[in-house]
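K.L.:
Starting from these lines, generate the structure:
(one chain, ligands or ions: 2)
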Amino acid sequence: MKDAAPQTIYLRDYTPPAYLVDDVHLTFKLAATKTRVMSRIRFRPNPEATSNEFFLHGEDLKLINAKIDGEDITPELTATGLSCPVPDAPFTFEAEVEINPQANTALEGLYMSNGMYCTQCEAEGFRKITYYPDRPDVMATFTVRIESDLPVLLSNSNPTGQGEGWAEWHDPWPKPAYLFALVAGDLVNHPDLFTTMSGKDVELNIWVRPGDEGKCAFGMEALKKSMKWDEDVYGREYDLDVFNIVAVDDFNMGAMENKGLNIFNSSAVLASPETSTDANFERIEAIIAHEYFHNWTGNRITCRDWFQLCLKEGLTVFRDQQFTGDMRSHAVKRIDDAVVLRAHQFREDNGPLAHPVRPESFVEINNFYTVTVYEKGAEVIGMLKRLVGDDEYKKALDLYFDRHDGDAATIEDWLKVFEDATGRDLTQFARWYSQAGTPRVSVREDFVDGTYTLHLTQQTPPTPGQPHKDPMVIPIAVGLLNDNGDEVVPTKMLEMTQAEQSFSFEGLASKPIPSILRGFSAPVILEHDQTKAQRAFLLAHDTDPFNKWDAGRKLAQDVLVGMVRDGATPDGAYLDGLAAVLRDDSLDPAFRAQVLALPSEDDTAQALVDLDHVPDPTAIYDAHETLKLQIAQHLQDQLPRSYADMAVPGPYTPDAEPAGKRALGNTVLSLMSKLDGGRQATQQYATADNMTQQLAALGALLKIGKGKAELSAFGEQWQNDRLVMDKWFGLQVACASPDQAAATAETLAAHPAFDIRNPNRFRSVFGALGGNAAGFHHPSGKAYDLLADWLIKLDELNPQTTARMSTAFSTWKRYDDNRQAKMRHALGRIAAKPGLSADTTEMVSRILG
Ligand code: BES
Ligand code: ZN
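P.N.:
Ligands and ions are numbered 1, 2, ... in the order given. I've put the predicted structure just below:
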């Protein structure tokens, strides 16, 4: 039997646990198909309980025996757990269970990856290891003994003893079971040391498979920078003597913050110049920081229940974004984050999967690790900080750590801290946590007798289960420019709280040009009918880098929409604006690369939907290709010069400055390849000494239908490097023409190196297929069918990744009847699969609506 009939869980039904746990002893006798887990758990009745029923979660466990206070018992077992009568006083529960890590392809609980044992317990995986109250508000200290012949045996926090075939670990910090971790394998370490602000030495290790030890140095530097940053910026010191990171090849997510033993997808930690791109380096730095920062925001202060997930994830994403901004460029980071938010979170908020930052119900919590919880959750914290100011934010955070250290807390606790620290009433602000959907703010302006007035209206469209919306508190940063491009009113934070509200600026000599929502001060859609000339003006003159970029972005989107809808030709103002930006050496190359990048085809589809136009992905693809060619032609004389200027002399370093140059150089390269038949890209491929240059050259060639020889040379060169081979698989699908995308994915899925059990490899092919908009939405429907076939196969092995990837179909309602019918058919086939997991069932039924 797979799952019992899945239940919907509601936030409003929260009740405290009936029993609390003081401490846990676990002994693992590791064996690939028959691992024994012995538990000894000290329980006591919870004085705050509303029930005295004793229930322990447990799934796919074979119970060997169980005892209470040393006496054998025969508990009642179901598909989801165990219950039995217990004393009305503290007692010790013991159990011995058998589990099969080898057969665990879901990668949740204890599983095997290339001969290595490894765990993933968040959110509800611990119940696949032993019987336990697997909920985050039950916190306990853990002592763990591992018995195995494998050379390296790790668990959370501090080693307390080891010998031939065994090791013992103790975690002095009470934690919920989702933070438990165990690793056993033939591993080597990359060691280092960090001295904390109070002078304590912490031993640091990155554990990897032999052969990967040369790919740890960058991750280690990122870890030390993160530790220092959290001390400097948040005053948070590490609280143990050891910090271990392990890299594992088979992992559903990016990484996991288990106390003292972070476990990483190898793609999120291993790096070298030859095998990793600049984007990989930046992501690795951010993920290492993110998981490390969870030590305070997630572990020391955890979540009362999974509805509060944004309490730790939104805050920790916000912190990792601040960190990346500090390490690199705030302007560039803000634009990157806004691009992700608009492309993914706005899309989620606008479709059948829309839900509040704090959801009110779920069937499978794994389906709620979403861009809304994470990215919008981070935006909400950014808004709070903008509203109260930096000093008050710091006061509030200090109070949060002070008041809630050791707690399993809620969003109410979080907001109360801000109210107490700043004296603000956050009742209305709290709607950001409960109300789904992206607010639309529309702008009207007038200018009378030197007074300029912005009339703003806000409105949030209905979302599933939430037909009516209330006005939000929206921080709107505004600056005003005059015709010369001088800033006549510097950035001011307007606080919009009403459905309609006006803000005036007095004493102006002439009607200004407004720059609204500077720095993307709120996660809203700004509806402001500006002329192309005004947008081009802001692209040239805005002092706010975000709005300067956004003006170019909106121009590009207008151009693309005009091309698709009316067959218009690209606007000269836009092309001239790009030329000026490309030429402007005073601008950061990374920023120039962002201005030159077009919105994605999916963004253009959404822009068309917003204009009540049914998007045709094929027409959008053609418009994008045409525009790229026209940009290339318009910039033709400048390109070779810009390309040469962006050459980085000397050995490769992944730092922001050379990476920015490579980003712009490679943007220019892809434009050049539209005109030179791939001559420059061929040369770059041949001479590249790092993956960033090699992969960009290969991509530019594939995009123009060339590069066959390079592609096979690449496959040969990197056949033994899994992470690079993921790129080889993914790039072919991403760069395939609309007609070829499905066939390319199908061929690659039959390649001997394709492995359905490895989420990275599966995503490299089928994630790329979903991301190839015109290929995925090919009117034949062949990509829909192919993805459905493979999701059906994957669901039997790995429900979590299947459910996540089914979101490729979530925009089905946007499209024409033919595509809608074909997507509904594909979704229907998935839904009809006998024994479909609860994870995928929930997603598919929400997508179908
Ligand atoms: N706690 C999560 C990992 C996780 C997610 C475990 C879902 C179980 C289910 C971790 O802190 C996380 O958020 N990781 C992100 C990367 C991060 C940089 C946003 C991930 O894995 O993608
Ligand atoms: Zn996280």
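K.L.:
quick one: buried residues of the strand or helix carrying His455?
P.N.:
Secondary-structure element containing His455, defined by DSSP states H and E: strand 451-459. Counting neighbours by 16 or more other Cβ atoms under 10 Å, one finds that the buried residues in strand 451-459 are 452, 454, 456-458. Where you see a C-beta, it was placed from the backbone N, CA and C, and this is true even at glycine.
K.L.:
The helix or strand following that strand packs against which elements?
P.N.:
Sequence-wise, the next helix or strand beyond strand 451-459 is strand 474-481, with elements assigned using DSSP H and E. For strand 474-481, the helices and strands in contact under the criterion 3 or more Cβ pairs under 8 Å, 6 or more residues apart in numbering; DSSP states H and E are helix 377-388, strand 451-459, strand 487-496, strand 513-516, helix 532-541.
K.L.:
Go again with 7 Å.
P.N.:
Counting contacts by 3 or more Cβ pairs under 7 Å, 6 or more residues apart in numbering; DSSP states H and E, strand 474-481 is packed against helix 377-388, strand 451-459, strand 487-496, strand 513-516.
K.L.:
Just put these in TSV and tack on distance to ligand 1 and mean pLDDT.
P.N.:
Formatted as TSV, the entries for those read as follows, by distance: least, Cβ to the nearest ligand atom, whole Å; pLDDT from 0 to 100:
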stretch	distance to ligand 1	mean pLDDT
helix 377-388	9	98
strand 451-459	29	98
strand 487-496	28	98
strand 513-516	29	98
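K.L.:
how about those in a markdown table, adding distance to Phe754?
P.N.:
As requested, the helices and strands packed on strand 474-481 are arranged in a markdown table below (distance: least, Cβ to Cβ, whole Å):
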| stretch | distance to Phe754 |
| --- | --- |
| helix 377-388 | 35 |
| strand 451-459 | 47 |
| strand 487-496 | 51 |
| strand 513-516 | 48 |
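K.L.:
Of the ones you listed, which is nearest ligand 2?
P.N.:
Ranking the helices and strands packed on strand 474-481 by proximity to ligand 2 (Cβ to the ion) places helix 377-388 first, at 10.3 Å.
K.L.:
Any chance you could list what contacts that closest one?
P.N.:
Contact partners of helix 377-388, identified using Cβ atoms under 7 Å, 6 or more residues apart in numbering, comprise 310, 313-315, 317-318, 321, 341, 357, 393, 396, 418, 422, 424, 432-433, 475, 493, 495, 521-523.
K.L.:
just stretch 604-621 next, same as before
P.N.:
347, 557, 560-561, 564-565, 601, 738, 773-774, 777, 779, 814-816.
K.L.:
quick check, Asn367 in a helix?
P.N.:
Yes: the assignment for Asn367, made by DSSP: H, G, I helix; E, B strand; the rest coil, places it in a helix.
K.L.:
how many neighbours does it have?
P.N.:
Each residue near Asn367 was counted by other Cβ atoms under 10 Å, and the total is 23.
K.L.:
now that we're looking at it, how far away is ligand 1 from it?
P.N.:
Separation of Asn367 from ligand 1 (Cβ to the nearest ligand atom, to the nearest Å) stands at 10 Å.
K.L.:
Gln428 now?
P.N.:
The separation that Gln428 has from ligand 1, given Cβ to the nearest ligand atom, amounts to 28 Å.
K.L.:
contacts for stretch 146-153?
P.N.:
Taking Cβ under 7 Å, 6+ apart as the rule, stretch 146-153 contacts 28-30, 155, 165-167, 182, 184-187, 207.
K.L.:
Mind doing that once more with 8 Å?
P.N.:
Here stretch 146-153 makes contact (Cβ atoms under 8 Å, 6 or more residues apart in numbering) with 27-30, 116-117, 154-155, 162, 165-169, 182-187, 189, 207.
K.L.:
now it: mean pLDDT?
P.N.:
If you average the pLDDT over stretch 146-153, you get 98.
K.L.:
buried residues in it?
P.N.:
Residues of stretch 146-153 classed as buried: 146-148, 150, 152-153 (neighbour count, 16+ other Cβ under 10 Å).
K.L.:
ditto for stretch 813-830
P.N.:
Residues of stretch 813-830 classed as buried: 814-815, 819, 822-824, 826-827, 829-830 (neighbour count, 16+ other Cβ under 10 Å).
K.L.:
What residue in the stretch 651-800 of the chain comes nearest to ligand 1?
P.N.:
Scanning the stretch 651-800 of the chain for the residue nearest ligand 1 gives Gln800, at 7.6 Å (criterion: Cβ to the nearest ligand atom).
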